[in-house]
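>>> Need coordinates for the following:
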Amino acid sequence: MFFLKRDKKIRVFISIRPEQIGGGSNTFAYNLAAWINSHNKYKVVKNILRADKAIIISHVADLVSLRKAKGKGCFIVHRVDEFFEKNVFNYRKKKHSKIIEINKLADVTVYQSDFVYRSVKPHLSCPHYKVIINGADNNLFKPAGESGDYIGHVSWSPNQRKRFDLLYELIAEYPHEKFLLIGNHNKTEYDFLSFPNVKQVGPVNREDLVKHFHMMKMLYLPSENDPCPNTAVEAVLSGVPVCYNEDGGTREIVRDCGLPLNKVDDLLHDLALYRRRCFDRQDLHFDQVALKYMSLV
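Next comes the predicted model:
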């Protein structure tokens with residue numbers, strides 16, 4: 001009697017351990033792990049030395065283990081979500097140096113946007129690459145029946161590049177609008193609660209975030225040089241048009257589902273039109289993004 005041998009699962013290592021709260025790379029790691037666990041063909045492993053494919057996120061990897069894994073035949077995907085600017089110091093300089101070293105071991109580099117590709121590719125050695133825009137869980141992030149009535153802002157980081165100064169100025173200039181702030185705004189130098197038209201909420205988990213998106217009619221996203229913000233992806237899938245900073249990769253996500261910062265009035269005037277455009281953005285579904293990563297060879 002002969003038995004058919006079951007197909008071996010493809011073992012995938014993700015270099016960041018997913019958490020329930022947080023943005024950026026953590027969101028990607030969380031979504032990818034959830035997607036892999038829902039597909040029988042794949043399996044998440046915690047030890048890179050047992051992996052068939054490793055998704056190395058930015059600078060997060062142990063180089064010794066990475067070299068050993070590559071020697072054992074592990075396929076290395078290096079996901080780069082940084083941008084390289086001149087005259088960086090301390091933490092960012094070390095981070096960029098680590099990215100360069102990791103990339104020497106990569107089989108393929110994934111850049112989060114064309115903006116990241118243009119910034120980082122000249123510094124890296126791996127010749128094979130793909131540009132893959134972030135996605136989000138469309139089963140979670142989907143439009144509400146009606147638009148909300150707040151101008152929203154979401155940021156887990158208090159970094160100056162998030163341009164909280166522009167948000168502060170907008171709130172001051174639009175006292176007739178209501179603003180909903182999600183994240184760590186209390187860790188910035190700005191007293192947003194001094195405005196009577198502001199509702200400030202701290203960090204929320206991923207499942208609760210969509211409820212706050214549904215309270216918004218527009219997301220204001222002034223972050224400059226942002227490689228590929230998950231917040232923009234999640235907002236668009238939630239049916240929320242985005243007002244974005246043109247300096248960075250955000251425009252590549254938003255496309256015709258919003259307008260740049262200098263056209264905030266135009267966007268507010270035609271929100272219904274931009275909201276309808278959000279409904280058709282299936283390219284931002286994480287299932288499509290995950291399949292692109294798994295198909296890399």
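>>> So which residues of this structure form strands?
Assigned by DSSP state E, the strands in the chain fall at 10-14, 42-45, 53-57, 75-80, 108-111, 129-131, 150-155, 178-183, 198-201, 216-221, 242-244, 258-260.
>>> What strands line up against the first one, and which way round?
Same thing as strand 10-14. strand 42-45 (parallel), strand 53-57 (parallel) (DSSP bridges).
>>> one step back: may I see the strands of the chain organised as CSV, with mean pLDDT added?
Formatted as CSV, these follow (pLDDT from 0 to 100):
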stretch, mean pLDDT
strand 10-14, 97
strand 42-45, 96
strand 53-57, 98
strand 75-80, 98
strand 108-111, 98
strand 129-131, 98
strand 150-155, 97
strand 178-183, 97
strand 198-201, 97
strand 216-221, 98
strand 242-244, 98
strand 258-260, 98
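>>> Based on its surroundings, how many neighbours for residue 268?
17 (other Cβ atoms under 10 Å). The C-beta positions use only the backbone N, C-alpha and C, and glycine is treated the same way.
>>> Around the nearest residue in space to it that is not next to it in sequence, how many other residues sit close by?
Nearest residue to residue 268 in three dimensions, chain neighbours excluded: residue 218, at 6.7 Å (Cβ to Cβ, 6 or more residues apart in numbering). Other residues near residue 218 number 26, with proximity taken as other Cβ under 10 Å.
>>> now residue 265
When neighbours are counted by other Cβ under 10 Å, residue 265 registers 11.
>>> before we move on, what about residue 176?
If we define neighbours as other Cβ under 10 Å, then residue 176 has 6 of them.
>>> So what does it have for phi and psi?
The phi/psi pair for residue 176 (degrees, to the nearest 10) reads phi -80, psi -10.
>>> ok, it - contacts?
Contacts for residue 176 (Cβ atoms under 8 Å, 6 or more residues apart in numbering) come out as residue 197.
>>> follow-up on the earlier one: what distance do you get for the residue nearest to residue 268 to residue 163?
In this view, residue 218 and residue 163 are 16 Å apart by Cβ to Cβ, to the nearest Å.
>>> What distance do you get for the residue nearest to residue 268 to residue 270?
Taking Cβ to Cβ, one finds residue 218 at 11 Å from residue 270.
>>> now swap in residue 39 and tell me
Distance from residue 39 to residue 270, by Cβ to Cβ: 40 Å.
>>> again with residue 214
20 Å.
>>> low-scoring pLDDT stretches of the protein, where are they?
Applying pLDDT under 70 to the chain picks out residues 1-7, 19-23.
>>> thinking again about what came up before, residue 214 and residue 270: who's more crowded?
residue 214 (19 against 12).
>>> Apart from its neighbours in sequence, what residue is nearest the more buried one?
In space, residue 214 is closest to residue 144, 3.9 Å off (Cβ to Cβ, 6+ apart).
>>> for that neighbour, what are its contacts?
Shown in contact with residue 144 (Cβ under 8 Å, 6+ apart): 214, 238-239.
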